[in-house]
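Student: Got a predicted model here, sequence first, then my questions.
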Amino acid sequence: MAKIIGIDLGTSNSAAATLEGGRPVIIPSTEGTTLYGKAFPSYVAFTKDGQRLIGEPARRQAVANAEGTLTAFKRKMGTDYRYKIYGKEYTPQELSATLLQKIKKDAETFLGDEVNEAVITVPAYFNDNQRQATKDAAAIAGFKVSRLVNEPTAAALAYGVDKHNKDMKILVYDLGGGTLDVTIMEFGKGVFEVKSTSGDTQLGGTDMDNSVVNFLTDEIKSKHGIDVTTDRQAMQRIREAGERAKIELSTVMSTEINLPFLAKDKKGGPFNFTYEFTRAKLESIVVPTVERSAKPVMQALKDAKMEPTGIDKVIMIGGPTRMPIVQRYVEQLLGKKIERGVDPMEAVALGAAVEGGVLSGEVKDIVLLDVTPLTLSIETLGGVATKIIERNTTIPIKKSQIFSTADDNQPGVEIHIIQGERPMAKDNIELGKFMLTGIPPARRGIPQIEVTFDIDSNGILHVTATDKATGKAQSMDIVAPHKMDSKDIERKMEEAKKYEEADNKIREQVELKNNAESLVYTADRALEEYKDKIPSDVAEKVEKAKAELDEAVKKEQLDRLNEKIESLKKALEGIGGSMYKGGAPGSEGPSSGGGDGGTTDGAQGGPRPSDL
Amino acid sequence: MAEEKEGKEEQEQKKEKKEANEPKEDYKDRLLRLAAEFDNYKKRIKTDIEGAKGIGRAEFAKSLLPILDEFELALVVVRKSDDKNMVKGVELLYSNFYDVMKKSGLAEVECNGVFDPYKHEIVMTQEDDAKPGTVIEVTKKGYTFNGILLRPASVIVSKEREEEAERKNDK
């Protein structure tokens, strides 16, 4: 089954994606714009010495080779325009084909297999000529075009709009480096239909970047009286710092721009520029640019004969739409929250890959795997919820953990199965409980009870508890433990978040108490077992420390527990010390934790498995 | 007649059997494909993790470049000072910092006059007597990190003097 990749053949940037295990991923580009190399600039250059450069290297030499460097040739697709370079003529199709050839090579490297078919995206407003030209470009590059998909449609596919089984109206706001495209589509019965398109070819992220640079240079001039606009190096640093600040201000409210030794001050000394850049300030700078997008959006609505309230989904694509100001502005304009969750720079390529997967039949082949929406745990000593299967684990899954008893000669354990994120069992949902009885008499911590959670592909949870010594087992099936609607799950998650701090405190206290009790037990056992070998003064010390700890536990003096635990541990060390001095051969030094064997869940801090 | 009927029945049975087996084959095929894809995925993830470690370090190194630049700018100013000990101290500080970066894999992009679009970025052209297209000035150093290009060097390349070009055109 050959892969059909998805290609976003853009005016200024291009990217490609493929399906992997049913999910679209970006194919990394060699010589990309970032270290990860996801997208690359749509540049092609021919040098005087006959080299052909594609992508980033082509862009880097553009200044010195303006006549041999080409970009934005997508705008000429479908026309008879010829680019004349050093005596040779190139059609826009041929130039687009060079970009596609690079993508083909990158994809083959990534997939380790030949790639011959692709879904390519085109703007919704492309006419038949332009679409045919795109197909021709693909043919030149050695691609069979499985389908041409409109860019906004691909973005909608990346957001999984086609999976909703209902009709809806979608507005796609595509703000690139230099242009804004607005498309309104209607989706129904698996088909996308473009209702209207509108745009502004002179509006984009570059305008915003320039506004920021202008603001900063003005600031330097007015506050410090220094003109940096003629200093190439300083300007480059300001531009980079501005871009960094712009990205940072998408997540924080303010950031500091520090540019030491930016220029010379009036006396010829070093000038250090520092500026506290706030999100509010940035927004005031870019708002005039963003506000210009109202017109095309309203025009598109008007052409589609719609009101903003008629829009069901708003999808944003293009790098500048990452800025909160742009998102907020569009949300206010349309009175509707935008869709989130897919990188707006990658959405189009990802959506094209999804379409490629549908066409190759790969999507049908994928067994859709479910996940457990909430953590599944069992209750252990002190009412603690001990996790067995964490939330978001892909099913089917089987996981086991070994537990032990909490008391000497405990004949049975109760397995209490719960679901939820809260650390204490009582705050979560109870799914069921059962007893495993007939455990042979043994000291606490010695029996090994293996608890297995097995969720099958139908979502049925099989819980089994086995006493490893006797092989005795007991089990229970819980049908569809995670049949909750998404609202319930969301509510549960919010609850867990809200109570996180308080819950963890309680859990810590319980664990501390458990540790204390366990230590008292160990001390008792040590005193009894080695009573002949322990000097009386040591025994006294242990007795005293033990009594104090016991009292603190019983009186729930939680703040004193840590200190008392430490002093008892210290006293117990005395036992070991005196016994080695006495040279008891082969005697086992009592350790503070007691018990042995089995996997521990680590939560208790001691070597003992959780007690049931 | 009876024989013919029997043949028909046999054929139908065969057909049914084949139809019954089809979904089984289909599932087996899907399972194998998925298993193979998963196996390949595991292999790729392994190299990806190794790569990610390198990329993570490279990302970090990249984030230090502006500081390295600023340090060099500071050095220029500091060297003008009369306090020789202070100058020496700052120079040592710089060389310690640079050494750590170098040992981790940082290397300066070479600019030996020949422009290389895979390592250099032209910020402007300047009329010069040198052969057109020669790198005549580096305005910002470029760096690689264990072979990964962190930042191309910003360079100024030469272009033909106008009168020279005109003279050629006249010919």
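Tutor: Received it, and whenever you're ready, just let me know what you need.
Student: neighbours of residue 160, just the number please.
Tutor: Assuming you mean chain A. Other residues within reach of A:G160, judged by other Cβ atoms under 10 Å in any protein chain shown, total 13. From N, CA and C alone the C-beta is placed, and that goes for glycine too.
Student: um, chain B though
Tutor: With other Cβ under 10 Å as criterion, B:E160 counts 18.
Student: Now it: closest residue in space, sequence neighbours ignored.
Tutor: Nearest non-adjacent residue to B:E160, counting by Cβ to Cβ, 6 or more residues apart in numbering or on different chains: B:P132, 5.0 Å away.
Student: what pLDDT does A:K264 get?
Tutor: Predicted confidence (pLDDT) for A:K264: 86.
Student: brain fart, A:L612
Tutor: What the model reports for A:L612 is a pLDDT of 72.
Student: Quick check: it touching A:I415?
Tutor: Yes - using Cβ atoms under 8 Å, A:L612 makes contact with A:I415 at a distance of 7.4 Å.
Student: Mutual contacts of those two, please.
Tutor: Counting by Cβ atoms under 8 Å, 6 or more residues apart in numbering or on different chains, the residues touching both A:L612 and A:I415 are A:I378.
Student: so is the residue nearest to B:E160 in a helix, a strand, or just coil?
Tutor: coil (DSSP: H, G, I helix; E, B strand; the rest coil).
Student: Low-confidence stretches in chain B?
Tutor: Low-confidence segments of chain B (pLDDT under 70): B:1-6, B:168-171.
Student: Do you have the strands of the stretch 1-150 of chain A handy? List them.
Tutor: A:4-9, A:13-20, A:23-26, A:40-41, A:43-46, A:52-54, A:69-71, A:83-85, A:88-90, A:117-122, A:144-150 (DSSP state E, counting those that start in this stretch).
Student: for those, which one ends up most surrounded?
Tutor: Looking across these with neighbours counted as mean count of other Cβ atoms under 10 Å in any protein chain shown, the highest average goes to strand A:4-9: a mean of 30.
Student: which strands and helices sit next to it?
Tutor: If contacts are counted by 3 or more Cβ pairs under 8 Å, 6 or more residues apart in numbering or on different chains; DSSP states H and E, strand A:4-9 sits against strand A:13-20, helix A:92-111, strand A:117-122, helix A:151-158, helix A:347-360.
Student: would you list the strands of the stretch 1-150 of chain A in JSON lines and tack on distance to A:D524 and mean pLDDT?
Tutor: Output for the strands of the stretch 1-150 of chain A, formatted as JSON lines (distance: least, Cβ to Cβ, whole Å; pLDDT from 0 to 100):
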{"stretch": "strand A:4-9", "distance to A:D524": "69", "mean pLDDT": "96"}
{"stretch": "strand A:13-20", "distance to A:D524": "58", "mean pLDDT": "92"}
{"stretch": "strand A:23-26", "distance to A:D524": "57", "mean pLDDT": "89"}
{"stretch": "strand A:40-41", "distance to A:D524": "71", "mean pLDDT": "90"}
{"stretch": "strand A:43-46", "distance to A:D524": "79", "mean pLDDT": "94"}
{"stretch": "strand A:52-54", "distance to A:D524": "78", "mean pLDDT": "93"}
{"stretch": "strand A:69-71", "distance to A:D524": "81", "mean pLDDT": "92"}
{"stretch": "strand A:83-85", "distance to A:D524": "91", "mean pLDDT": "92"}
{"stretch": "strand A:88-90", "distance to A:D524": "90", "mean pLDDT": "93"}
{"stretch": "strand A:117-122", "distance to A:D524": "73", "mean pLDDT": "96"}
{"stretch": "strand A:144-150", "distance to A:D524": "74", "mean pLDDT": "93"}
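Student: so what's A:E240 up against?
Tutor: B:P66.
Student: pLDDT value on it, please?
Tutor: For A:E240, the pLDDT comes out at 85.
Student: picking that back up, could you export the strands of the stretch 1-150 of chain A as JSON lines, including distance to A:I389?
Tutor: Shown next, in JSON lines, are those (distance: least, Cβ to Cβ, whole Å):
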{"stretch": "strand A:4-9", "distance to A:I389": "35"}
{"stretch": "strand A:13-20", "distance to A:I389": "25"}
{"stretch": "strand A:23-26", "distance to A:I389": "22"}
{"stretch": "strand A:40-41", "distance to A:I389": "42"}
{"stretch": "strand A:43-46", "distance to A:I389": "50"}
{"stretch": "strand A:52-54", "distance to A:I389": "48"}
{"stretch": "strand A:69-71", "distance to A:I389": "52"}
{"stretch": "strand A:83-85", "distance to A:I389": "60"}
{"stretch": "strand A:88-90", "distance to A:I389": "59"}
{"stretch": "strand A:117-122", "distance to A:I389": "38"}
{"stretch": "strand A:144-150", "distance to A:I389": "39"}
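Student: residues near A:G310, how many?
Tutor: 14.
Student: if I look at it, how far off is chain B?
Tutor: 42 Å (Cβ to the nearest Cβ, to the nearest Å).
Student: and if you look at A:S536?
Tutor: Counting by Cβ to the nearest Cβ, the gap from A:S536 to chain B is 59 Å.
Student: so how many other residues sit close to that residue?
Tutor: A:S536 - counted by other Cβ under 10 Å - has 9 other residues nearby.
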